[in-house]
Structures are given as C-alpha cells and as structure tokens.
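Engineer: model this:
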Amino acid sequence: MDNSRRSRKKGTKKKKHPLILLLIFLVGFAIAIYPLVSRYYYRIESNEVIKEFDNTVSKMDKTELEERLRLAQAFNATLKPSEILDPFTDQEKKQGVSEYANMLKVHERIGYVEIPAIEQEIPMYVGTSEDILQKGAGLLEGASLPVGGENTHTVITAHRGLPTAELFSQLDKMKKGDIFYLHVLDQVLAYQVDQIVTVEPNDFEPVLIQHGQDYATLLTCTPYMINSHRLLVRGKRIPYTAPIAERNRAVRERGQFWLWLLLGAMAVILLLLYRVYRNRRIVKGLEKQLEGRHVKD
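Structural biologist: Next comes the predicted model:
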C-alpha cells in the first residue's frame, strides 16, 4: 500500500512538470518578443496616421495651404538663432506643446519624417514633452519651422531604445550622403546628411541657424540606453526629385509582412507545444491504465 501511494504521489508531481515548464517557456517567450511585436504594431499604427495626414492634406484648399506656408515662413524670419534648449531636460519636458506652429498642424500633427536609410517614417508633432516623444518625433521649440528657406535650421528629435517603438534607435547607422525627407503640408523637403556629431547636452552650437543655409537636424540621445550625450545628424537642403510613393508603400508592406510572419510563427509554436503537452497527457494516462492493470494482475 505504501509503495502504491508513493508511486501515485510521484506520478502527481511529474504530472505538474510539463505544465509548469510550458508556462515558464510562454512567459519567457512573451517577454522576449514583446519589443518586436510592439514595435511592429507601432509601425502599422504610425503608417495609418501618416496615411490619414496625406489624405487630409490632399483635400485641403490650395489657397489655405499657401497661406499656412506663408505664415510659417514669416515666423521663421523672426527667430533668434541663439534661443534653443536641450529637448531632453526636465525644463523642456514640462514645457509641453507650444502653440507657435499652429499654422502647420493637421489633426495635431505637422507632418512626418521619412528616413529611408533606417526604414523609418515617423509622425511629427510640435514640442518635446514626454507624451509626444513616446508616440513620435517632436519639433524642437525655438528652432525653425520645417518649411525650408534660407537662414533656417529645423531640429527634429525622438527617443532611442523605447520598447514600444523604434523611432531614432538606429539613427547612429546613418552616414554622410544619406537623404531624409520632411513631409509638411503638401511640401516634401529633402535633406542630404553632411555632418554627424556627438555633443554635450548643453552644446547648441551645431543646431543654431547659419546665415544663408537651409538645414535640418535629427537629434537623439546617445550612447544607446545611457543618454549622456546628444547625437546630431544634420542634413543640407537639396532639390526634391526622386519619386518616393512606391518606396513608401514597399516599406509599409514589408513591416506588415514581418509582423504577420512573426504572429504566424508564434501561433505555430503554441500549437506544437499544446500538441506535445496533450500527447504527453495521453501517454501518461495510458501508462497509468497499464500500471493499474498490472497491479490487478
């Protein structure tokens, strides 16, 4: 009797092991793939935001678009080039969204930045509050509005290392000669990277307006996950000539393809694990029945 009870207890303990191991595996697997899934979800979501922006702008009256652009250019002419603050300081984060770029806003967004070299299209908002930097790129207040022209220097900033969105995480992979685009109203401004520097957070010299120049700088924290300095990728305005609609669509579809592939792989893995677990239970049940018959015999 004692031997029979001990064997039953051992069987009960062994019976729990597959389920516990399965749960541990699933938790670890979920933690491991969370950044990938959330980033691909953000990409799909941001693509929808960008499509909505493009559709809205395409329906706007041409006269209204020209007036908005004129107001933005007039505002840029009044800027003082020395009044720029670090976007990642507490002071700037608390400042929130400024009203100074209202003439460019379309559903709270002023456009989007496209960076083919790192396959990113990111909605742009006004300001550098944490709420904004969690969902897209922010226009640094005090810098030029992103409408181009002589004596302008636009600064677009975004986070690196967010688990929910890639944003500027790969900005350090950009090289001189790469081209990025700012989509604002019905305008597409092309900039070719001519300078990449790493500076102290209080060094604003590289992002100040330079006489006669038309610059745009992409700004983020560096080194990755340490954030003690600022990485500045500056582009000089060049004529926009290349058709990009097909490339944009390809990037968006590629992002969706990999997301569905990942989700499909997850489903297959879970199905296989379930079948293994179910088969083991069937085998255990058969073994138990055989043991019972053996005891009776």
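Engineer: gap between residue 278 and residue 23?
Structural biologist: Distance of residue 278 to residue 23, computed by C-beta to C-beta, to the nearest Å: 15 Å. Yep, even glycine has a C-beta here, placed from its N, CA and C like the rest.
Engineer: brain fart, residue 146
Structural biologist: In terms of C-beta to C-beta, residue 146 sits 50 Å off from residue 23.
Engineer: over to residue 69?
Structural biologist: Residue 69 is 58 Å from residue 23, by C-beta to C-beta.
Engineer: between those two, tell me which one has more neighbours.
Structural biologist: Each of residue 69 and residue 23 has its neighbours counted (other C-beta atoms under 10 Å); residue 69 has more, 19 against 10.
Engineer: just checking, that one touches residue 185?
Structural biologist: Yes. Proximity of residue 69 to residue 185 meets the contact threshold set by C-beta atoms under 8 Å, at 6.2 Å.
Engineer: helix, strand, or coil at residue 125?
Structural biologist: Three-state assignment for residue 125 (DSSP: H, G, I helix; E, B strand; the rest coil): strand.
Engineer: and it, how far from residue 201?
Structural biologist: 21 Å.
Engineer: looking at these two, which is more packed in?
Structural biologist: Legend: neighbour count by other C-beta under 10 Å for residue 125 and residue 201, higher for residue 125 (23 against 15).
Engineer: pretty sure that one contacts residue 107?
Structural biologist: No. Judged on C-beta under 8 Å, residue 125 makes no contact with residue 107 at a distance of 10.5 Å.
Engineer: so what's residue 6 scoring on pLDDT?
Structural biologist: Note for residue 6: predicted pLDDT of 53.
Engineer: sorry, wrong one. I was asking about residue 270.
Structural biologist: pLDDT recorded at residue 270 is 72.
Engineer: give me the neighbour count for it.
Structural biologist: Other residues near residue 270 come to 13 when the count uses other C-beta under 10 Å.
Engineer: for the stretch 101-250 of the chain, which segments count as helices?
Structural biologist: 130-135, 245-296 (DSSP state H, counting those that start in this stretch).
Engineer: weakest of these in terms of mean pLDDT?
Structural biologist: Note on the helices of the stretch 101-250 of the chain: helix 245-296 shows the lowest mean pLDDT, a mean of 65.
Engineer: relative to residue 25, how far out is residue 124?
Structural biologist: Distance from residue 124 to residue 25, by C-beta to C-beta: 41 Å.
Engineer: which one's more surrounded, these two?
Structural biologist: residue 124 (25 against 12).
Engineer: need the pLDDT of the more buried one.
Structural biologist: Predicted confidence (pLDDT) for residue 124: 97.
Engineer: beta partners for it?
Structural biologist: Beta-bridge pairing of residue 124 under DSSP bridges involves residue 111, residue 137.
Engineer: I'd say it and residue 136 touch.
Structural biologist: Yes. Taking C-beta under 8 Å as the definition, residue 124 is a contact partner of residue 136 at 6.4 Å.
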